[in-house]
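Asks: after the sequence you'll find the predicted model.
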Amino acid sequence: MPCPIFSYDGENDWFSLKQRLSGRKNPDSVVQDRVRAILDNVQSNQDQALVEYTQKFDCPDFCAEQLRVPQSAIEAAPSEIPPEDLRILKESIANVQAFHERQRENSWWTTQEDGTVLGQMVLPVGRVGLYVPGGQGGSTPLISSIIMNAVPARVAGVDQIIMTSPPRKDGTLNPYLLATAALLEIKDVFAVGSAWAIGALAFGTPSIPACDFIAGPGNIYVATAKALLVGEVGIDMVAGPSEIAIIADDSANPAWIAADLLSQAEHDPLAAALLVTTDKQLPNRVTQKLERQTASLPRGEIAAKSLAEWGGIIVTPDMDTAVKLTNRIAPEHLELCVSDPWPLLGKIRNAGAVFMGHHCPEPVGDYFAGPNHVLPTLGTARFSSALSVQNFYKKTSVIAASKQYVREHGSKIARFARLEALEAHARSVEIRNNDDEEVNDATRH
């Protein structure tokens, strides 16, 4: 299983590495055209379109009555999974809740001496659509996606969450998905998936209410649908395939590094797993461990393809070069597998999440620690952040200018407006400071 090994000394080596990494980025026009057609169909034919797509791709005998998951099925789901699993889900939710509570924002107000009041109202978005991938026909449901998207929405104060996930062949949803929904008090759950589910959440149908904001991961069709609907609804982000970069020195354990690379490579053939190291001996040692560990993985074939096509082990001359390279890559996940990671942390500018030291593998954040695992991919960590409570807020400015304020500052405001050649703007201020009902022409010059 070849995982390419590169040498990186600086700027001259960046172009070839960038070319390798950038090939995963944008869907081709064929996918976009297909998704546009799906969205148009859902907007026009609504529930009928949802049923037809679901019959074709998920459940041949599906009918419209199966779109909404019965409340009784949601309420019963926690009793259908092992108690130990239920306890783990509850603890994960509690950890994620505790972390996101620290992100709360409040409305604020300030009153000036002349009586003018300025402020900002912080309000939750009205209704959130949550898309949850079913995973291999419902056999590997992404339970954690529900937690990571629903918890910050709840902390923000969102009252209604509409959850959709593709049904299994019998038309039902995996009980782990429903149990997690029950724990998070999500009452509106629909058995529908892919781009047509995103269209339903955006436009609304007789069965599925239209939402103001859509969150949740998915395949290229889901991601493309979300991107095409920006402006119709708010979205969390357009996430690409999963990725990890690991900065390691000679203190790193090759078997642990290999395991961490594979933890991302097994996601998707397009996932990118990169090791950046200053230790010239580490690449061969890690390669040997990769070969051994991949052979025993259930998703080993996927992981091997990912490592061969998009993975890499990159040797740099020193740690400063390793850090500069990693900041250019701006990975979704970054592990600092070095003897003392804290001095390096202050040099990291671009990463979705950072995992510190040898005993903190990326799955700790995926499932349990508390920070959100919905992270920017494909280099967008240069300018964007993890999903948070802030994504589910709307902020509205409030200005209550007093009569004294307008009298004192009106001439300056009017002059500013005329600098931009907006005469009506100027007059709307001046008319309030003029004794006449209309603005006197003489005051305009």
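Replies: Yep, it's here.
Asks: A strand includes E335, no?
Replies: Yes: under DSSP: H, G, I helix; E, B strand; the rest coil, E335 falls within a strand.
Asks: which residues pair with it across the strands?
Replies: Beta-bridge pairing of E335 under DSSP bridges involves I246, F355.
Asks: quick check, pLDDT for it.
Replies: With respect to pLDDT, E335 scores 99.
Asks: doesn't A353 make contact with it?
Replies: No: taking CB atoms under 8 Å as the definition, E335 is not a contact partner of A353, at 9.6 Å. (Each C-beta comes from the backbone N, C-alpha and C, glycine too.)
Asks: neighbour count: the two, which is higher?
Replies: E335 (29 against 22; other CB atoms under 10 Å).
Asks: now do the same contact list for S29.
Replies: Neighbouring residues of S29 by CB atoms under 8 Å, 6 or more residues apart in numbering: there are none.
Asks: that should have said M121, apologies.
Replies: S107, K395, T396, V398.
Asks: what's across from the third one in the sheet?
Replies: Note on T396: beta-bridge partners M121, judged by DSSP bridges.
Asks: next, work out how far apart the closest residue to F203 other than its chain neighbours and L228 are.
Replies: Spatial nearest neighbour of F203, excluding adjacent residues (CB to CB, 6 or more residues apart in numbering): Q43 at 4.8 Å. In this view, Q43 and L228 are 12 Å apart by CB to CB, to the nearest Å.
Asks: what about these two, which has more around it?
Replies: The neighbour count for Q43 versus L228, taken as other CB under 10 Å, is higher for L228 (19 against 16).
Asks: residue contacts, the more buried one?
Replies: By CB under 8 Å, 6+ apart, the neighbours of L228 are Q32, V35, R36, L39.
Asks: distance from the chain centre to the host helix or strand of A202, please.
Replies: Following DSSP states H and E, one finds A202 within helix 194-203. Centroid separation for helix 194-203 versus its chain: 17 Å, with CA atoms, centre = their mean, to the nearest Å.
Asks: kindly report the same for stretch 274-293.
Replies: For stretch 274-293 - counting by CA atoms, centre = their mean - the centre lies 30 Å from the chain centre.
Asks: that older thread, can I get the contacts of M121 in a markdown table including distance to S22 and neighbour count?
Replies: Below are the contacts of M121 laid out as a markdown table (distance: CB to CB, whole Å; neighbours: other CB atoms under 10 Å):
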| residue | distance to S22 | neighbour count |
| --- | --- | --- |
| S107 | 42 | 12 |
| K395 | 34 | 11 |
| T396 | 39 | 10 |
| V398 | 44 | 12 |
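Asks: so which of those residues is the closest to A150?
Replies: K395 (21.5 Å; CB to CB).
Asks: who does A191 bridge with?
Replies: Going by DSSP bridges, A191 forms beta bridges with S165.
Asks: contacts only, for it.
Replies: Contact partners of A191, counting by CB under 8 Å, 6+ apart, are 54, 59, 62, 66-69, 164-167, 171-173.
Asks: with just CA atoms, put stretch 343-354 into PDB.
Replies: Taking Å, rounded to 0.1, in the frame of the first residue of the first chain, the C-alpha atoms of stretch 343-354 are listed here in PDB:
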ATOM      1  CA  PRO A 343       5.200  26.000  22.300                       C
ATOM      2  CA  LEU A 344       4.100  24.900  18.800                       C
ATOM      3  CA  LEU A 345       0.400  25.800  19.500                       C
ATOM      4  CA  GLY A 346       1.100  29.600  19.400                       C
ATOM      5  CA  LYS A 347       2.600  29.200  15.900                       C
ATOM      6  CA  ILE A 348      -0.500  27.500  14.500                       C
ATOM      7  CA  ARG A 349      -2.600  29.900  12.600                       C
ATOM      8  CA  ASN A 350      -4.800  27.700  10.300                       C
ATOM      9  CA  ALA A 351      -6.500  24.500  11.500                       C
ATOM     10  CA  GLY A 352     -10.000  23.500  12.300                       C
ATOM     11  CA  ALA A 353      -9.100  21.800  15.500                       C
ATOM     12  CA  VAL A 354      -5.800  21.000  17.200                       C
END
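Asks: average pLDDT across that stretch?
Replies: Stretch 343-354 shows a mean pLDDT of 98.
Asks: also stretch 425-442?
Replies: On average, stretch 425-442 scores 79.
Asks: then stretch 358-376?
Replies: 97.
Asks: related to what we said a few turns ago, wait, the residue nearest to F203 sits on T205?
Replies: No: using CB under 8 Å, Q43 makes no contact with T205, being 9.2 Å away.
Asks: for A414, see how far away Q97 is.
Replies: Q97 is 51 Å from A414, by CB to CB.
Asks: in the stretch 151-300 of the chain, which spans are strands?
Replies: Along the stretch 151-300 of the chain, counting by DSSP state E, counting those that start in this stretch, strands occupy 160-165, 188-191, 213-215, 234-235, 243-248, 272-277.
Asks: any idea how far the third one is from the chain center?
Replies: So that's strand 213-215. Mean-position distance between strand 213-215 and its chain equals 10 Å (CA atoms, centre = their mean).
Asks: ok, now the second one?
Replies: The offset between the C-alpha centroid of strand 188-191 and the centroid of the whole chain comes to 21 Å, using CA atoms, centre = their mean.
Asks: and it, average pLDDT?
Replies: The model assigns strand 188-191 a mean pLDDT of 98.
Asks: CA atoms of that strand as CSV?
Replies: Taking Å, rounded to 0.1, in the frame of the first residue of the first chain, the C-alpha atoms of strand 188-191 are listed here in CSV:
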residue,chain,number,x,y,z
ASP,A,188,-39.7,16.1,13.8
VAL,A,189,-37.8,13.3,12.1
PHE,A,190,-38.2,12.4,8.4
ALA,A,191,-37.0,9.4,6.5
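Asks: residues in contact with V286?
Replies: For V286, the contacting residues are C3, P254, I257, A258, L261, L275, I313, by CB under 8 Å, 6+ apart.
Asks: go on, R415?
Replies: Neighbours of R415 in contact, by CB under 8 Å, 6+ apart: A426.
Asks: list the buried residues of the strand or helix carrying it.
Replies: Using DSSP H and E, R415 falls within helix 403-419. By neighbour count on 16 or more other CB atoms under 10 Å, the buried set for helix 403-419 is Y405, V406, H409, G410, I413, A414, A417.
Asks: return the member of these nearest to N434.
Replies: G410 (9.5 Å).
Asks: give me the distance between that closest one and V429.
Replies: 5 Å.
Asks: if you rank the contacts of V286 by neighbours, which is first?
Replies: That'd be L261 among the contacts of V286, by other CB under 10 Å, with 32 neighbours.
Asks: what sits against the residue nearest to it when sequence neighbours are not counted?
Replies: Nearest residue to L261 in three dimensions, chain neighbours excluded: A273, at 4.1 Å (CB to CB, 6+ apart). By CB under 8 Å, 6+ apart, the contact list for A273 reads E243, I244, L261, L262, Q264, A265, S306, L307, W310, G311.
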